[in-house]
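Chemist: Give me the fold of what follows.
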Amino acid sequence: MKLFRPDKGSMRKRAISLIEGVLYLVVALAIIVGGTLFFQQASFNRQVNATAAMMTSVSTYIVARTKDSSQTRSDTNFETGDATTWAIKSGAVQADMIDEVNDFLQTEAIRLPWGGLVTFYEAATYVDGHRTPVIAARMNDMPTGACMRLGHKNQVGDTMIGGRVFALGVEENDFHEDDLAWTSGEIRYIARAGEQTDMASLAAACEGGKRDLVVYYEVAGIPDALPTMGGGDLSLIH
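Modeler: Got it, this is the predicted structure:
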């Protein structure tokens, strides 16, 4: 009986050609790059959403607290100054956003996921000729994407970072270190009371990154004017 012997050539494994190897490598790299970009985008979205939730929660608390306390004071005795401490002590700030600023006093501060600080201030201006408190917030060193997504408001003052916003703008102050004072800079764009943000103007203002978002929340009516703020000292315009 003659046994069948397979041809030795048919038992050989087919080698991968150079072109096939390159194609496999390209596909693998595309999968790795795509996965990395997806992870980065998902992480960035989480950071934006966490910041928006924190700002909404904190601004709601501070506006309510300021409104309640203003009803027990004369309009010539509204407090002006830092309100960040209120925010941190309220418990409205996530623990991973609370940091210590390395100054002499080791002051607690609100740290954004991108490294900048958030500072809240109680200021005062006028509504129909009557002095009234307002809440101002500055979000330092925002990357372009976060600036675009968080810097929009509609005509009635609704935003991703809370309601009752009567002005929301983008500034550039060229100061990129920890700064708990109100260091004003060049106003690149601002949407005021009754205005909806123009997205093209906002995009141009946010371009380049490391911009500051400046937010003004009304407490007891839309003010006639913005408070003038600088160097941590709050003065008034009427």
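
Chemist: show me what contacts Ala64?
Modeler: Residues near Ala64 by C-beta atoms under 8 Å, 6 or more residues apart in numbering: none. For every residue, glycine as well, the C-beta is placed using N, CA and C.

Chemist: I'd assumed it was in a helix, is it?
Modeler: Yes. According to DSSP: H, G, I helix; E, B strand; the rest coil, Ala64 belongs to a helix.

Chemist: Tell me, what's the model's pLDDT at it?
Modeler: We have a pLDDT of 89 for Ala64.

Chemist: Distance check, it against Ala95.
Modeler: According to C-beta to C-beta, to the nearest Å, Ala64 and Ala95 sit 22 Å apart.

Chemist: Could you do Tyr189 as well?
Modeler: 33 Å.

Chemist: With Gln41 instead?
Modeler: 25 Å.

Chemist: Who has more neighbours out of those two?
Modeler: Gln41 (11 against 6; other C-beta atoms under 10 Å).

Chemist: Might you report the residue contacts of the more buried one?
Modeler: So Gln41 contacts nothing (C-beta under 8 Å, 6+ apart).

Chemist: Tell me which helix or strand it sits in.
Modeler: helix 18-70 (DSSP states H and E).

Chemist: tell me, how many neighbours does Asn154 end up with?
Modeler: 13.

Chemist: what's the following helix or strand after the helix holding Gln41?
Modeler: Immediately after helix 18-70, counting by DSSP H and E, sits strand 81-82.

Chemist: Now the longest strand anywhere in the chain: buried residues?
Modeler: Ranked by residue count, the top strand of the chain under DSSP state E comes out as strand 130-142. The neighbour-count check on strand 130-142 (16 or more other C-beta atoms under 10 Å) flags 131-142 as buried.

Chemist: Stretch 114-128 now?
Modeler: Counting neighbours by 16+ other C-beta under 10 Å, the buried set in stretch 114-128 is 114, 116-127.

Chemist: among the residues you listed, which are in strands?
Modeler: Those of these lying in strands (DSSP E): 117-127.

Chemist: wait, which of the buried residues of strand 130-142 is closest to Arg164?
Modeler: Minimum distance to Arg164 across those is 8.6 Å, recorded for Ile135 (C-beta to C-beta).

Chemist: Just give the closest residue to the closest one, not the sequence neighbours.
Modeler: Leaving aside its sequence neighbours, Ile135 sits nearest to Tyr217 (C-beta to C-beta, 6 or more residues apart in numbering; 4.2 Å).

Chemist: Likewise for Met199?
Modeler: Nearest one to Met199, counting by C-beta to C-beta, 6+ apart, is His152 at 7.0 Å.

Chemist: Repeat that for Ala203.
Modeler: In space, Ala203 is closest to Met148, 6.2 Å off (C-beta to C-beta, 6+ apart).

Chemist: can you check Arg111 too?
Modeler: Asp99 (3.8 Å).
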